[in-house]
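Trainee: Kindly return the folded structure for what I paste below:
(2 chains)
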Amino acid sequence: QQQVKQSPQSLIVQKGGISIINCAYENTAFDYFPWYQQFPGKGPALLIAIRPDVSEKKEGRFTISFNKSAKQFSLHIMDSQPGDSATYFCAASMTGTASKLTFGTGTRLQVTL
Amino acid sequence: NAGVTQTPKFQVLKTGQSMTLQCAQDMNHEYMSWYRQDPGMGLRLIHYSVGAGITDQGEVPNGYNVSRSTTEDFPLRLLSAAPSQTSVYFCASSYRIAAKWVEQYFGPGTRLTVT
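Mentor: Numbering: from 1, shown residues only, chains lettered A, B, ... in the order given. Next comes the predicted model:
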């Protein structure tokens, strides 16, 4: 049973465009929703995270939008750059218990010139 | 700080062999965990530990053992390797702020092939 569903599987965006990756979760006990960025041959690195008490969080060109009632959250990358080409994972956890992350299946983003 | 380190970087095993994947962190984090990453499946939690002497199973624990004798180290043991354990393995660590666990820091990974 996949508790965090991520789409699309792959995404090609032109330089300067907006990249949008969507995730949906099932467990309403989740209270922490991070996005991780992974480059080939490297471990995932935290990009941005949100808690359900806010509907949006922005850090530079990266924005998380969160819809608690729909149990969905998304990552928007504004002004996408070739250096943003990587695999992106959404995740969810219940931070009051243990820091067990449930990951989505990943989105491979390619930003073309 | 070196952060989270993992050894080896690559490993090839024959079916039935045993080995230990090493993980160490120098950030004094209470929490450590092991994930495996397979194509199209994201990362799945194998085992985790909330402190020295305390371990618990994750989503896919079968075929793996762990122990946590110190805060710094969290080795993952494969007792009898199987081809289904071919994967990339990541170790991660985390800590708490006001009783809430915060971000996890991942190591660089170990790519394991079982033939």
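Trainee: is chain A contacted by the longest strand along chain B?
Mentor: Longest strand in chain B by number of residues, with DSSP state E as the criterion: strand B:42-51. Yes - against chain A, strand B:42-51 shows contacts by C-beta under 8 Å from any C-beta of the partner chain at B:G42, B:L43, B:R44, B:L45, B:Y48, B:V50. Backbone N, C-alpha and C define where each C-beta goes, glycine included.
Trainee: between these, which is closest to A:F30?
Mentor: When the residues of strand B:42-51 next to chain A are compared for distance to A:F30 (C-beta to C-beta), B:L45 wins out at 14.2 Å.
Trainee: So for that closest one, what's the nearest residue that isn't a sequence neighbour?
Mentor: Counting by C-beta to C-beta, 6 or more residues apart in numbering or on different chains, B:L45 lies nearest to B:G58, which is 3.1 Å off, once chain neighbours are set aside.
Trainee: ranges for the strands of chain A?
Mentor: Under DSSP E, chain A gives strands at A:4-7, A:10-14, A:19-25, A:33-38, A:45-50, A:56-59, A:62-67, A:72-77, A:86-92, A:102-103, A:107-112.
Trainee: Just put these in JSON lines and tack on mean pLDDT, distance to B:P108 and mean neighbour count.
Mentor: Formatted as JSON lines, the strands of chain A follow (pLDDT from 0 to 100; distance: least, C-beta to C-beta, whole Å; neighbours: other C-beta atoms under 10 Å in any protein chain shown):
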{"stretch": "strand A:4-7", "mean pLDDT": "96", "distance to B:P108": "23", "mean neighbour count": "19"}
{"stretch": "strand A:10-14", "mean pLDDT": "98", "distance to B:P108": "24", "mean neighbour count": "14"}
{"stretch": "strand A:19-25", "mean pLDDT": "98", "distance to B:P108": "24", "mean neighbour count": "20"}
{"stretch": "strand A:33-38", "mean pLDDT": "95", "distance to B:P108": "11", "mean neighbour count": "22"}
{"stretch": "strand A:45-50", "mean pLDDT": "93", "distance to B:P108": "11", "mean neighbour count": "17"}
{"stretch": "strand A:56-59", "mean pLDDT": "95", "distance to B:P108": "24", "mean neighbour count": "12"}
{"stretch": "strand A:62-67", "mean pLDDT": "96", "distance to B:P108": "23", "mean neighbour count": "18"}
{"stretch": "strand A:72-77", "mean pLDDT": "98", "distance to B:P108": "23", "mean neighbour count": "20"}
{"stretch": "strand A:86-92", "mean pLDDT": "96", "distance to B:P108": "15", "mean neighbour count": "24"}
{"stretch": "strand A:102-103", "mean pLDDT": "92", "distance to B:P108": "18", "mean neighbour count": "24"}
{"stretch": "strand A:107-112", "mean pLDDT": "97", "distance to B:P108": "19", "mean neighbour count": "17"}
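Trainee: Of those strands, which is nearest chain B?
Mentor: Among the strands of chain A, strand A:102-103 comes nearest to chain B, with 3.8 Å by C-beta to the nearest C-beta.
Trainee: what comes into contact with the closest one?
Mentor: A:3-4, A:25, A:27, A:30, A:36, A:89-93, B:35, B:42-45, B:59 (C-beta atoms under 8 Å, 6 or more residues apart in numbering or on different chains).
Trainee: Partner strands of it and their direction?
Mentor: Note on strand A:102-103: by DSSP bridges, its sheet partners are strand A:86-92 (antiparallel).
Trainee: And residue 80, what's its pLDDT?
Mentor: Chain wasn't specified; assuming chain A. Looking at A:S80, its pLDDT stands at 98.
Trainee: that's the other chain; I wanted chain B
Mentor: Reading off the model, B:S80 has pLDDT 96.
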